[in-house]
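Colleague: I'd like to go over a predicted model; first the sequence, then the structure.
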Amino acid sequence: MPKPIVQTENKVLRVIAKPVDAKLFGTPELKKIITDMSDSLATCDDGIALAAPQVGISYRIFIVSGKLWADEENKKIKSDVVFINPKITKRSKKMSTLDEGCLSVRWLYGKTKRSDKVSIEAYDIDGKKMTWHGSGLLAQIFQHETDHLEGILFIDHATDLEEIEPEKN
C-alpha cells in the first residue's frame, strides 16, 4: 500500500533527515521503506524522484524513478535507483535557471538556479558504495532530493512561483 506523500505543512519536511545506520543495509526493514517509497512514487504520473521525508520517514534516502531511464523504443521501464546517505561531492560552477516543482508542494512551480553537473556518492540497498555523475535533469534531481534531506524545499529559493492546476481529463 503506497504511503501518502506529505505536503508543505508537515514538519518532517523541515528537519535534517537521519543517516541510515549501516546495520540496516540489506534488512527487510530497509527494503520495506524503499518498496513503500517506490509504490508512492508510482502513484504520481508526473513524479520522477522522491525523498524518504516526503513519505514521512526521516532517513537520508531518495529514489529516482526507472521512468527516467525508460527505453524510448519499447517504453520498457527500468527499476528505480536507490540512493542512501547521499553526498554531493562535486558541483559545476556553471549554473542554469530551471523550471521546478515538487510532489510535496502540489501544484506550485517556479524557477530555481542549479548547477549543470553534479557528482554524488551514496550507498545502494545492500550498503555498496556508488558514485554517480549527473548532468541536466539528473543533476537537478540530485540537488532537489538532497535539499529534501536537509529540510529545504525548492520554494525556499525559487523565483516566479505560480500555481498550475493539473489538467482534467
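Modeller: Yes, it's here. Residues are numbered from 1 along each chain as shown.
Colleague: Show me where this protein dips below the pLDDT cut-off.
Modeller: 70-77, 168-169 (pLDDT under 70).
Colleague: try 80 this time
Modeller: Under the criterion pLDDT under 80, the flagged ranges of the chain are 1, 69-78, 166-169.
Colleague: can you give me the helices for it?
Modeller: Remark: helices assigned in the chain by DSSP state H are 28-42, 137-149.
Colleague: Please identify the deepest-packed of those.
Modeller: Among these, the stretch with the highest mean neighbour count (mean count of other CB atoms under 10 Å) is helix 137-149, at a mean of 21. Bear in mind the C-beta positions are built from the backbone N, C-alpha and C, glycine included.
Colleague: what's it packed up against?
Modeller: Under the contact definition 3 or more CB pairs under 8 Å, 6 or more residues apart in numbering; DSSP states H and E, helix 137-149 sits against strand 49-51, strand 61-64, strand 81-91, strand 95-100, strand 108-115, strand 117-123, strand 129-135.
Colleague: What pairs with the third one, parallel or antiparallel?
Modeller: When you say that, I think you mean strand 81-91. Pairing partners of strand 81-91, with direction, according to DSSP bridges: strand 61-64 (antiparallel), strand 117-123 (antiparallel).
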